[in-house]
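Enquirer: Below: sequence and its predicted model.
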Amino acid sequence: MNIIDFHVHTFPNKIAAHALEILSGNSHTKYFTDGTLESLIESMSNAKIFASVLQPVATKPEQVSKINDSAIKLNKCDKIFSFGAVHPDCNYKFIRQEFARLSSSGVKGVKIHPVYQGLNIDNERFIKILRLAGDFNLFVMIHAGFDIGFMGNDNALPERIAKSLDLAGNNCRVILAHMGGWRCWEDSIKFFAERENVYIDTAFSLGEFTPNGDNFYTSQDQCKMLNSQEFTRIIKIFGANRVLFGTDSPWSSQIQCVKDFDSLDLNESEKNLIFHDNAAKILGLN
């Protein structure tokens, strides 16, 4: 089976080491690659992952064009795809131009991260982005739930996302990272299980995350996420046709994520959908 990892991150080589140290310090979690594209490709080979999809985050409006230039270029490769980026502080005309450019170049979606972008997902600026993405047939990957580096921040909680989707209309299609809401998983079921325009991904949600060794986490319970039974239950509720395999590399080991997912009590058809078929359909690989 050709496994597709729909949720990974890399950084430009010149800043990768610094970015990982900052982000690891904020989240107190271990990283499993050196943050570069080359390291990701090596990790993919070791994990027998056929393709990965970068999910870049623009933390400043001026980063958007450059990130999208890179996304367009990467999408011409065989095994690395990329979503584009957008920032809510960009003006509407510019966002429209960027969405047109991405869509015409074959990029399939954009990533937004309300926590890192400092704005509630139900703010009108994000709602306009969701509407506009729908107009250009672009998926929107949304960081959903709490963020491990900013615990307590409520910018992207499921209730807020649901409100934004109601206001944006059914024309937009979204992928909610981290099983629909990191550490808000019952609310993910409550607000999204019946919405056919909502996919979820599996990134950074199964088992336990790995501390970086700075002793911030004082018990194993603090590192727990969903156990295999809870994780499988959410998949069954949403349906395997609306779930995408993702690892959040470099914050999880791709090898371990593949092993953990493959061990779940799912049939081969369900695993095929999540490991490959759903992603291939979105990426136009079928």
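Expert: Received the coordinates, thanks.
Enquirer: Pull the contacting residues for the residue nearest to L273 when sequence neighbours are not counted.
Expert: Spatial nearest neighbour of L273, excluding adjacent residues (C-beta to C-beta, 6 or more residues apart in numbering): A240 at 4.4 Å. Yep, even glycine has a C-beta here, placed from its N, CA and C like the rest. By C-beta atoms under 8 Å, 6 or more residues apart in numbering, A240 lies in contact with L266, S269, E270, K271, L273, I274, N278.
Enquirer: Quick check: phi and psi on the second one?
Expert: Right, the one you point to is S269. Phi and psi for S269, reported as degrees, to the nearest 10, are phi -60, psi -40.
Enquirer: what's the spacing between the nearest residue to it once chain neighbours are set aside and A17?
Expert: Excluding its sequence neighbours, the residue lying closest to S269 (C-beta to C-beta, 6+ apart) is A240, at 7.4 Å. Between A240 and A17 the distance, using C-beta to C-beta, to the nearest Å, works out to 38 Å.
Enquirer: got the contact list for F146?
Expert: If you count contacts by C-beta under 8 Å, 6+ apart, F146 has them with G152, N153, D154, A156, L157, G181, W182, R183, C184.
Enquirer: Looking at it now. What's its pLDDT?
Expert: At F146, the model reports a pLDDT of 98.
Enquirer: low-confidence ranges in the stretch 1-150 of the chain?
Expert: Residues of the stretch 1-150 of the chain that meet the criterion pLDDT under 70 are absent altogether.
Enquirer: Where do the helices of it begin and end?
Expert: The residue ranges that make up the helices of the stretch 1-150 of the chain, judged by DSSP state H, counting those that start in this stretch, are 13-27, 37-47, 64-74, 92-104, 124-135.
Enquirer: residues making contact with the longest one?
Expert: Think helix 13-27. 10-11, 30-31, 34-37, 148-150, 212, 214, 250-251.
Enquirer: Out of those residues, which comes closest to R125?
Expert: When these are compared for distance to R125 (C-beta to C-beta), F150 comes out closest, at 19.5 Å.
Enquirer: Distance-wise, check the nearest residue to Y92 once chain neighbours are set aside relative to L157.
Expert: With C-beta to C-beta, 6+ apart as the criterion, Y92 has its nearest non-adjacent residue at 6.4 Å, and that residue is K128. For K128, the distance to L157 (C-beta to C-beta) stands at 20 Å.
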